[in-house]
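Just need the structure, nothing else, for what follows:
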Amino acid sequence: MEPRICIIGAIREEVAEIKNRMGMEESHTLESGKLWLGTWQKKSIALLQTGVGRARAEKAFLGMLDRVDPSLVISMGYAGGVDPVLNVGDIVLADRVFEFEPHAERDYLNPQPTVETDLNSEYLELGRELVFTDGFLVQTGGLLTVEEIIYQPKEKRALGIHYPILAVEMETAALAKLCGSREISLVSIRSVTDTVNHELIRIPALEDKSGEASRVKATWYVLTHPVALKPMIELMIHSRTATQHLTKFIGKYIRYLE
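Below is the predicted model of the structure:
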């Protein structure tokens with residue numbers, strides 16, 4: 001198999017612009033996830049969409065290995081900011097990723113025991129060296145991988161106080177473990193969709209079976225709960241900004257890879 005840079009995101013909105021810009025060679029529907037092979041920025045890439053959460057990320061990653069020899073894994077996607085310095089669309093480069101120990105309580109307001117994985121590498125240093133003047137900041141720091149979306153500002157503020165992190169997301173720790181056990185280099189690049197003071201709307205049972213946010217369910221919820229329309233539109237705008245900044249950053253990043 002040809003070595004490829006593997007770019008991994010959870011949902012269609014995260015990977016959409018890269019998928020549209022790459023020169024497509026093959027596409028595959030995996031048992032868990034979707035895989036596209038091709039070229040982008042004159043590099044051979046594999047673009048993997050896993051669905052939300054660590055279990056789906058693990059399963060899709062393992063399925064991808066039957067078709068791809070990863071030269072580097074880029075875990076990318078959205079994140080919730082827990083540090084007040086971050087604004088919507090800012091980029092977080094992770095130098096370490098935390099996850100709660102299996103026996104820890106799901107309590108976001110009080111500190112819990114965590115496991116830490118170091119992500120420092122030459123690939124992280126390359127990301128730090130890139131310069132952008134496009135209206136977004138690039139910050140290096142910790143990520144916390146959680147099992148669910150953090151909706152409340154008070155919980156995000158508490159997480160930012162209790163742990164040395166900039167943001168929260170739902171897949172990186174799982175991918176870091178899989179890559180570490182196989183001696184595959186990983187870099188995590190996330191863009192903020194909701195800041196520490198931004199309260200997210202809670203929509204029950206929004207995911208479909210593949211781990212995607214169901215557009216049909218979201219539309220029905222808004223139609224039956226009109227108060228949800230404004231925050232839903234706001235989140236869509238934020239997500240679009242985050243996707244644009246992610247695509248711009250990753251595009252420049254892989255151009256500079258040897």
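
Provide a complete list of residue ranges assigned to strands in this protein.
For the chain, strands defined by DSSP state E occupy the ranges 3-9, 23-29, 34-40, 43-49, 69-81, 91-100, 114-118, 138-145, 167-169, 186-194.

Mind putting those into JSON lines with mean neighbour count?
Heads up, the C-betas are built off the backbone N, CA and C, glycines and all. Below are those laid out as JSON lines (neighbours: other C-beta atoms under 10 Å):
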{"stretch": "strand 3-9", "mean neighbour count": "23"}
{"stretch": "strand 23-29", "mean neighbour count": "12"}
{"stretch": "strand 34-40", "mean neighbour count": "19"}
{"stretch": "strand 43-49", "mean neighbour count": "23"}
{"stretch": "strand 69-81", "mean neighbour count": "24"}
{"stretch": "strand 91-100", "mean neighbour count": "24"}
{"stretch": "strand 114-118", "mean neighbour count": "15"}
{"stretch": "strand 138-145", "mean neighbour count": "22"}
{"stretch": "strand 167-169", "mean neighbour count": "27"}
{"stretch": "strand 186-194", "mean neighbour count": "27"}
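
what about the stretch 101-250 of the chain, any weak spots by pLDDT?
Applying pLDDT under 70 to the stretch 101-250 of the chain picks out residues 202-232.

Of the strands of the chain, which is nearest Phe132?
For the strands of the chain, the distance to Phe132 is smallest for strand 138-145, at 6.5 Å, taking C-beta to C-beta.

Taking strand 69-81 as reference, get the angle to the closest one.
For strand 138-145 against strand 69-81, the angle by axes from the mean of the first three to the mean of the last three C-alpha atoms, to 10 degrees is 90 degrees.

quick one: contacts for Pro164?
Contact analysis of Pro164 by C-beta atoms under 8 Å, 6 or more residues apart in numbering lists Arg96, Gly141, Gly142.

What separation do you get for it and His28?
Distance of Pro164 to His28, given as C-beta to C-beta, to the nearest Å: 38 Å.

At the geometric centre of the protein, which residue do we find?
Central residue of the chain (C-alpha atoms, centre = their mean): Gly77, 2.7 Å from the mean position.
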